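Colleague: How does the following fold in three dimensions:
(chains A and B)
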There are 2 protein chains.
Amino acid sequence: MAKKPLPPLLYADTASSADQLYFSRVSVHDPFIAFGVGQKRFTVQNALEFGRVLKARSFDKVLPLEAWVARARKRHPDRKVGPAEIIAELAKAHRLPGFRVADDFPAALFLKLRDLGLHIELADGPLFPEREVKTPREAAALREGNRLSSIGFTVAEDILRQSRIRKRELIFEGKVLTSERVQFAIASALMANGGHSEDTIVAGGNQACDPHERGHGPLRPNEMIIVDIFPRVTKTGYFGDMTRTYLKGRASAAQRKLYATVHEAQRAAIKAVRTGVDGREVHQQVLNVFESAGFQTKHGKQGSVGFFHGTGHGLGLAVHEVPRVSTVPYTLVKGSVVTIEPGLYYPGLGGCRIEDVVQVTDRGAKLLSSHHYDWEIK
Amino acid sequence: MAKKPLPPLLYADTASSADQLYFSRVSVHDPFIAFGVGQKRFTVQNALEFGRVLKARSFDKVLPLEAWVARARKRHPDRKVGPAEIIAELAKAHRLPGFRVADDFPAALFLKLRDLGLHIELADGPLFPEREVKTPREAAALREGNRLSSIGFTVAEDILRQSRIRKRELIFEGKVLTSERVQFAIASALMANGGHSEDTIVAGGNQACDPHERGHGPLRPNEMIIVDIFPRVTKTGYFGDMTRTYLKGRASAAQRKLYATVHEAQRAAIKAVRTGVDGREVHQQVLNVFESAGFQTKHGKQGSVGFFHGTGHGLGLAVHEVPRVSTVPYTLVKGSVVTIEPGLYYPGLGGCRIEDVVQVTDRGAKLLSSHHYDWEIK
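Modeller: Numbers count the residues shown, from 1 in each chain, chains lettered A, B, ... in the order given. From the prediction side, this is the model:
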């Protein structure tokens, strides 16, 4: 006999919890209670948020926190009433035996709910497995995120094109061009187009060899510059995530080989994406291309060189979510969305990464991102 | 005999966990392991983050994740190795009997660690109580956040001043002025000055009567407009948080009384702040002023009117943290930092909130924010 699944329970804010935003579809910046009752979605809000959340009409029912605090106090006159006592009261009133919670549900609250006699079950995996498969509406929201990334690349390209090489420096609008200047221009453009990102990477030379280094200080001519833009669409909460690598000046033969190899690896990986394929097989395409071209990966005491991150990750209401495209087993399901972003990093030579976003279909990968790959800027 | 406290353990990213940012002092966007060993701070990082975190020099020791995964796999050849098995391995190697974790530590990981025999203790309150008292360096970072808020107000004032009244609309640069236009101008100015905020409130008329409504669509003449700016200083991660209320055109006598009363309540509350005072006493000052002036609070099915939120909250690496200044008991300690932000909200008449930030001292409140209170803009 199949066990009836327990309804979901969330206690989080929507800015840091993608699950809460997925379930609630309205922004609330402090942790709050939301839960399922059959197919309906209920929430409890304090007076400060109540009217606004009610008007958003995203919940089937919005309950006033203060009234439920009073009910919980009546039952527990002896103790300080918090979210646990309120949730227990809600469960009783709605005849719910317990809840299913995400693995990252707050531990203290989890234990208190169990102490209060509720049956609390960990999801042991995603709380909403349906988040993995993107609906056409979600795919469109992700496309919009990537459209913003592409706008950002155009801004970076324009600045590099307009910059003048003066010895070891780039001069833009009369000043030495820095990573920060380009980051600011990209962030402004994102904002003007309905998105935002505080963490755009614009890193040149050896800085780019730490894949998550944001980049700071002067950008140099004839060095590879990684630009990784993962903006959030303000209206929907969905992300874009794309990377391009540039070089202002003249690339060396070694730099051209690096770029060509990363690009070839990316194409090979994208070609391998299809419903039912294991992420490891996609990752293996990248390893094969890098090995054939003679690019080795080494781990040392100060860090690694070569290719030392996954090929890709899921993208949605979080920048990093399932599926995974790396050395761990993960079967790609139809409709899921992943980045494909191989990279090579060698201090002295430079760092190069190229990233696009694809949706998994039965016939292969469907691109949800679009921007050219011209990278040498004279 | 005093029990020796267990060292802290964190598993979170620094963007959503203020504790993790406080402990780690380097940005990492995926959840990672960090823990104390005596007075030293250790972390485990994968190859992708390792070199960058090492160079940041904020940890006493950065351990390579891959090596510790391998060790954990050797001990548990039979199961999938995750953060729990790695943490158990780290505890063994560093002879740690267990850890102290935050109340919002992930529940699934908490249970697994206990199953692995570790002694895991909930903080039952703040994980780092020292976060409540702000050092001079932290107070300076908060001042900087508020300096950004003040820059934002100047931007909003300039736009309102330059706007022309045309019947029920405001015209700025040839277009109907909207909340979004002002939000964009403020966000751009914050960014140009080293901060960021996606959630600035610019809400007029009845919209402003939902205190957390961001505001959207045309701003109207002769209506109160709440501007609430809580930017994060990008470099330090500390926040500013200030609110001013404006009106473009001519205020009615009722609006003037509303503004004067909120301002009086704010001054009374600030005057009551001092080391050792209970937050409830500060909150009571606001209630007294509102009651004397005849402003009533009422709760209805569609929401509340009057004053229905706390007087203030702690500010630091999170926008909302301890202490609390509201109806709940909370003794203000020396050096803690709180907002003081009374407000009154009456659909039809309008919403008004005024917010500043103060540090608690033995002699009273020390302002960490500064901006004028002129609100009628002709």
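Colleague: residues in contact with residue A:206?
Modeller: Contacts for residue A:206 (C-beta atoms under 8 Å, 6 or more residues apart in numbering or on different chains) come out as A:347-348, A:350. Any C-beta I mention is one placed from the backbone N, CA and C, and that applies to glycine too.
Colleague: Return the distance of residue A:221 relative to chain B.
Modeller: Distance, residue A:221 to chain B, using C-beta to the nearest C-beta, to the nearest Å: 24 Å.
Colleague: By neighbour count, which of the contacts of residue A:206 wins?
Modeller: Greatest neighbour count in those, by other C-beta atoms under 10 Å in any protein chain shown, goes to residue A:350: 27 neighbours.
Colleague: Double-check that one against residue A:220; I have them as touching.
Modeller: No. In terms of C-beta atoms under 8 Å, residue A:350 does not count as a neighbour of residue A:220; the distance is 10.1 Å.
Colleague: intersection of neighbour lists for these two?
Modeller: Residues within reach of residue A:350 and of residue A:220 at once, by C-beta under 8 Å, 6+ apart, are residue A:205.
Colleague: quick one: the helix ranked longest in chain A near chain B?
Modeller: For chain A, the helix that runs over the most residues, judged by DSSP state H, is helix A:136-162. No. Judged by C-beta under 8 Å from any C-beta of the partner chain, helix A:136-162 stays clear of chain B, getting no closer than 13.6 Å.
Colleague: tell me the mean pLDDT for that helix?
Modeller: In this model, helix A:136-162 has a mean pLDDT of 98.
Colleague: just stretch A:336-348 next, same as before
Modeller: Confidence over stretch A:336-348, taken as the mean pLDDT, stands at 98.
Colleague: Restricting to C-alpha, output it in PDB.
Modeller: These are the backbone C-alpha positions of stretch A:336-348, laid out as PDB (Å, rounded to 0.1, in the frame of the first residue of the first chain):
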ATOM      1  CA  SER A 336      15.800  19.700 -16.800                       C
ATOM      2  CA  VAL A 337      18.100  22.700 -17.400                       C
ATOM      3  CA  VAL A 338      21.900  22.600 -17.000                       C
ATOM      4  CA  THR A 339      24.900  24.800 -17.700                       C
ATOM      5  CA  ILE A 340      27.700  23.500 -19.800                       C
ATOM      6  CA  GLU A 341      30.900  25.300 -18.700                       C
ATOM      7  CA  PRO A 342      34.300  23.600 -19.200                       C
ATOM      8  CA  GLY A 343      37.300  25.600 -18.400                       C
ATOM      9  CA  LEU A 344      41.100  25.400 -18.300                       C
ATOM     10  CA  TYR A 345      43.300  27.400 -15.900                       C
ATOM     11  CA  TYR A 346      47.100  27.700 -16.100                       C
ATOM     12  CA  PRO A 347      48.800  30.600 -14.200                       C
ATOM     13  CA  GLY A 348      51.200  32.200 -16.600                       C
END
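Colleague: any bit of that stretch sitting next to chain B?
Modeller: No. No part of stretch A:336-348 sits close enough to chain B to count as contact by C-beta under 8 Å from any C-beta; the gap is at least 9.1 Å.
Colleague: List the buried residues in that stretch.
Modeller: A:336-347 (16 or more other C-beta atoms under 10 Å in any protein chain shown).
Colleague: Cross these against strands and list the overlap.
Modeller: A:337-340, A:343-346 (DSSP state E).
Colleague: Present those residues as TSV; the columns should include distance to residue B:372.
Modeller: Formatted as TSV, the entries for these read as follows, by distance: C-beta to C-beta, whole Å:
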residue	distance to residue B:372
A:337	49
A:338	52
A:339	48
A:340	53
A:343	51
A:344	55
A:345	51
A:346	55
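Colleague: Which of those sits closest to residue A:326?
Modeller: For these, the residue nearest residue A:326 by C-beta to C-beta is residue A:338; the value is 10.5 Å.
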